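> model the structure of this input:
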Amino acid sequence: MVDLSSVCPFAFVPHGHHGAAGTGLHASEISSISLVSITARHMEAAALAEAFENLCGMTLPSPNRFTTLGALTLISAGPGQWMALSPAQNLYETLQPLQSHAALTDQSHGRAIIRVSGSKWHEVLRKGVTLNLHEFAVGQAAATVISHIGALIWRVDEAQFIIAVPRSLAGSFWHWLETSAAEFGLEVS
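Below is the predicted model of the structure:
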């Protein structure tokens with residue numbers, strides 16, 4: 001019988017050191033996380049904002065921003081669109097009261113999420129990220145393209161980013177990241 005149990009999208013990546021000596025970049029998968037897309041219904045953005053604040057105690061982030069409260073992170077993913085992340089496995093159910101104002105889609109098994117950090121983050125990411133990283137401040141988020149792969153990226157601190165890509169493209173994304181980081185050394189944990 002075929003084993004249909006869930007497998008982490010980056011399970012094929014061996015932990016340890018890759019590439020040149022030194023460690024210019026660190027990468028670690030973020031797994032066991034719930035991810036829900038929230039899209040405001042037509043003419044319901046204001047009502048959604050109020051309902052979300054009442055339900056979760058936080059405001060919807062403005063375009064190209066993200067916000068975190070406790071274990072919940074909410075990322076602006078485009079006009080009238082947000083992605084909610086939480087380690088709570090019941091996030092989709094928790095957000096159900098928003099359905100009168102928004103379409104909710106559970107994306108938990110549809111995305112591969114990775115955290116990258118290190119002293120050479122700029123040199124590595126500029127090889128494929130289509131954003132001006134010098135102007136991409138802490139707290140910003142963007143739906144963009146990384147090496148021809150649609151991605152959602154947000155900057156957590158001065159040298160740390162989180163990137164979400166379609167799960168089916170995790171292998172292609174990893175190939176790009178490993179190749180781009182090879183000259184600086186890459187540590188995977």
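
> now stretch 64-72: how far from the chain's centre is it?
Relative to the chain's own centre, stretch 64-72 is displaced by 12 Å; criterion: CA atoms, centre = their mean, to the nearest Å.

> how about it, which residues are buried there?
Buried positions in stretch 64-72, judged by neighbour count with 16 or more other CB atoms under 10 Å: 64-68, 72. All C-beta spots, glycine's among them, are computed from the backbone N, C-alpha and C.

> of the residues you listed, which belong to strands?
Among the buried residues of stretch 64-72, the members found in strands (DSSP state E) are 66-68, 72.

> looking at the residues you listed, spot the one nearest S168.
F66 (24.0 Å; CB to CB).

> I figured that closest one hits L152, correct?
No - F66 is not in contact with L152 according to CB atoms under 8 Å; the separation is 9.5 Å.

> overlap in contacts of those two?
Counting by CB atoms under 8 Å, 6 or more residues apart in numbering, the contacts common to F66 and L152 are 75, 141.

> quick check: the farthest pair among the ones in strands among the buried residues of stretch 64-72?
So, these by CB to CB: farthest apart are F66 and L72, at 10.8 Å.

> now G24: how far from W174?
Computed with CB to CB, to the nearest Å, the distance linking G24 and W174 is 17 Å.

> could I get the buried residue list for the lowest-mean-pLDDT helix or strand in the chain?
The weakest-scoring helix or strand in the chain, judged by mean pLDDT, DSSP states H and E, is strand 16-18 (a mean of 92). Within strand 16-18, the residues that count as buried by 16+ other CB under 10 Å are H18.

> identify the residues contacting the very next helix or strand once past that strand?
Next along the chain after strand 16-18, taking DSSP states H and E as the criterion, comes strand 25-29. Applying CB under 8 Å, 6+ apart, the contact partners of strand 25-29 are 8-10, 13, 112-118, 120-121, 124, 177, 181, 184-189.

> per-residue confidence at S6?
Looking at S6, its pLDDT reads 67.

> sorry, wrong one. I was asking about I30.
Among the per-residue scores, I30 holds a pLDDT of 94.

> which residues touch the most centrally placed residue in the chain?
Closest residue to the average C-alpha location of the chain: A164 at 3.4 Å, with CA atoms, centre = their mean. Going by CB under 8 Å, 6+ apart, A164 touches 35, 83, 111-113, 151-153.
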